[in-house]
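Trainee: below: sequence and its predicted model.
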Amino acid sequence: MFAATEHPQTDETGFLDFSNLSQYRQDVKTLASDVFEGRAPLSKGEALTLDFLVSAFKDMGLAPGFGDSYLQAVPMAKITAKQDMQLTIGGLNFINSKDFTARSQQIKPHIALSNSDVVFVGYGINAPEYGWNDYAGIDVKGKTVIMLVNDPGFATQDNNMFKGNAMTYYGRWTYKYEEAARQGAAAVFIVHQTASAGYGWGVVENSNTGSKFTLVDDNNNLSQLGVMGWLQHSATQKIFASAGLDFDKLKLSAHKPGFKAVDLKLSAKLKLDNNIEMAKSHNVLALLPGATEFDGKPNPQQDELVVMHAHWDHLGSKTHQDGSQEIFNGAVDNASGAAGVLALARAFKAQASITPFKRSILFSAFTAEETGLIGAQYFALNPSVPTKNIAAFLNIDGMNVNDGVSYILQYGQGVSELEAYLKDAAKAQQRTVKADPRPQNGLMFRSDHFALAQEGVPGLLFMSLGDTDPNYIAAKYHKEADDYDPNWSLGGVSQDLSLIGSILARLANNSDWPKWLEDSDFKTRRSEDNR
């Protein structure tokens, strides 16, 4: 185990050996304990988590990763909506959490929908490259729009429509809110269905009620949506029935090109009363500097970075009206990933004491991933070095805490040259690369690497949520049951840390600048950095 030996060990294949995971196990157990209260940003849990991570990096002998500090302050707003709100549409009243959720990122204490016209806009997508515009011929300024989750490719399973079963960013809820705001809508309610969303209503409820967090722009986020909501499928059926429409039949027409938005001729009423706190959360960053010289000459690559990352936050806790409390400890999501970054940091620090790496390695853990990649977005716009100096971003979001498997999952296909790194590392471990078994869930867009991709930095996502535990998504994901289990074998953690470590070492010792393979905004952004 690297934490307890001066020199790192390797297995028979030459991979770093992570067979002894006693320190890893203890790190997960600590981070996922009730004492940390679910690691919510701006809570006692954040203070404990930051202290734990910073102390660990200091004990390893890693340098501060953000100037002279291990912490990057992330200014944000904590917005807590009163949960006694009621949504009224067409004379029907709906109950918060049971029938719908609603929140806002606007910095306003009171937001009201008052007789807001309700329009069904299909998938709420405007995608010129796919010849698709659900907003064609309709003005939704000031209106409440209802839309479907995911995109038409998933609905039709037609590989010639969008990307077929694989979700595009147009299917992600974040895009739908962004586009509706550009169209001038006052509110959005996305219709939840488990298959197309990729998770049950309980995930929607736990992720959209209670205190939420947001970055704040110069206009107090007033250009964003006033109301960001979800609707239960059954509630949606009632709304459409009150308008004399059959929702389940009408949604079929939304799968087809040329769909025209439908005015339900109903109005929506809702009052959002928000308690707003302005505060600072924190990203954690620790640096393993590259060699100052090679072969007696100054090393120009010391200023280049490879980032090894996992988000530290989870959902915190929730107190119910009866006084009972739930703590969302997030043991797999993502105490397992944060502990993985610590294990890799210990190993690489020990290796660098023997032979320094050419590039510097930044070990990071960001805040507020669960509320929309907030810490990652802030770092992407305010990086410790210019993004043109960041070669790659490796991101762990949920490790395989069960037995090892004969494959490694790949998220996205034909996206960047880092996929070749993954294939080579898997082959050396006598494993295969397996395509994302749930591409319709859009995991490519749901973790911190995506925020860096938007600034042109290619990344790899290492995620095993539910892959070896078929009960995880339904019973544990974003639920109280995601707890540390002493019976975990950690076989998957051992093999995956070795694989990730081999990719990290290769990137830290070569001169490659992995390229984007497909034309995209990511590729365009990278070209602006002249790489």
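Mentor: Structure received. From a predicted model like this one, the values you see are computed outputs, not experimental measurements.
Trainee: now the closest residue to Phe328 other than its chain neighbours. Its backbone dihedrals?
Mentor: The shortest distance from Phe328 to any non-neighbouring residue, by C-beta to C-beta, 6 or more residues apart in numbering, is to Leu315 (3.9 Å). C-beta coordinates here come from the backbone N, C-alpha and C atoms, glycine included. Dihedral pair for Leu315: phi -90, psi 0, per degrees, to the nearest 10.
Trainee: can you pull the contacts of Leu315?
Mentor: The contact partners of Leu315, by C-beta atoms under 8 Å, 6 or more residues apart in numbering, come to 38, 40, 206-207, 210, 328, 330, 370, 478.
Trainee: per-residue confidence for it?
Mentor: With respect to pLDDT, Leu315 scores 93.
Trainee: now do the contacts for the nearest residue to His311 once chain neighbours are set aside.
Mentor: Counting by C-beta to C-beta, 6+ apart, the nearest residue to His311 once its immediate chain neighbours are dropped is Glu369, at 3.5 Å. With contacts taken as C-beta under 8 Å, 6+ apart, Glu369 has the following neighbours: 311, 313, 334, 375-376, 397, 447-448.
Trainee: got JSON lines for the residues you listed, with distance to Asn509 and neighbour count too?
Mentor: Written out in JSON lines, the entries for the contacts of Glu369 read as follows (distance: C-beta to C-beta, whole Å; neighbours: other C-beta atoms under 10 Å):
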{"residue": "His311", "distance to Asn509": "27", "neighbour count": "29"}
{"residue": "Asp313", "distance to Asn509": "32", "neighbour count": "28"}
{"residue": "Asn334", "distance to Asn509": "27", "neighbour count": "33"}
{"residue": "Gly375", "distance to Asn509": "28", "neighbour count": "30"}
{"residue": "Ala376", "distance to Asn509": "26", "neighbour count": "29"}
{"residue": "Asp397", "distance to Asn509": "25", "neighbour count": "24"}
{"residue": "Ser447", "distance to Asn509": "26", "neighbour count": "27"}
{"residue": "Asp448", "distance to Asn509": "24", "neighbour count": "32"}
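Trainee: make a markdown table from the residues you listed and add distance to Gln232 and secondary structure to it.
Mentor: Below are the contacts of Glu369 laid out as a markdown table (distance: C-beta to C-beta, whole Å; DSSP: H, G, I helix; E, B strand; the rest coil):
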| residue | distance to Gln232 | secondary structure |
| --- | --- | --- |
| His311 | 28 | coil |
| Asp313 | 27 | coil |
| Asn334 | 28 | helix |
| Gly375 | 30 | helix |
| Ala376 | 30 | helix |
| Asp397 | 27 | coil |
| Ser447 | 26 | coil |
| Asp448 | 29 | coil |
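Trainee: ok, back up a step: which SSE is the residue nearest to His311 in?
Mentor: In this structure, Glu369 is located outside every helix and strand according to DSSP states H and E.
Trainee: how close does it get to Asp34?
Mentor: Glu369 sits 21 Å away from Asp34, taking C-beta to C-beta, to the nearest Å as the criterion.
Trainee: and Glu277, by the same measure?
Mentor: In this structure, Glu277 lies at 24 Å from Asp34, with C-beta to C-beta as the measure.
Trainee: can you redo the contacts of Glu369 as CSV with distance to Ala343?
Mentor: Formatted as CSV, the entries for those read as follows, by distance: C-beta to C-beta, whole Å:
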residue, distance to Ala343
His311, 16
Asp313, 19
Asn334, 14
Gly375, 21
Ala376, 21
Asp397, 16
Ser447, 19
Asp448, 18
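Trainee: give me the lowest-pLDDT entry from the contacts of Leu315.
Mentor: Across the set of these, Gly210 stands lowest in pLDDT, at 84.
Trainee: quick one: stretch 98-111 to chain centroid distance?
Mentor: Relative to the chain's own centre, stretch 98-111 is displaced by 21 Å; criterion: C-alpha atoms, centre = their mean, to the nearest Å.
Trainee: and that stretch, what's buried?
Mentor: Along stretch 98-111, the positions that meet the burial threshold by neighbour count (16 or more other C-beta atoms under 10 Å) are 99-108, 111.
Trainee: one more: stretch 386-399?
Mentor: Applying a neighbour-count criterion of 16+ other C-beta under 10 Å, the buried positions in stretch 386-399 are 387-399.
Trainee: among those, which one lies nearest to Thr214?
Mentor: For these, the closest approach to Thr214 (C-beta to C-beta) belongs to Asp397, at 20.5 Å.
Trainee: thought Lys176 was touching Ala185?
Mentor: No - with contacts defined as C-beta atoms under 8 Å, Lys176 does not count as touching Ala185, sitting 10.1 Å away.
Trainee: identify the contacts common to the two.
Mentor: Between them, Lys176 and Ala185 have no joint contacts when contacts are counted by C-beta under 8 Å, 6+ apart.
Trainee: show me the contacts for Phe259.
Mentor: The contact partners of Phe259, by C-beta under 8 Å, 6+ apart, come to 122, 134, 253.
Trainee: before we move on, what SS does Asp263 have?
Mentor: Of the three states, Asp263 takes strand according to DSSP: H, G, I helix; E, B strand; the rest coil.
Trainee: which residue sits closest to it in space, ignoring its chain neighbours?
Mentor: Distances taken as C-beta to C-beta, 6+ apart put Val119 closest to Asp263, at 5.4 Å, once the chain neighbours are dropped.
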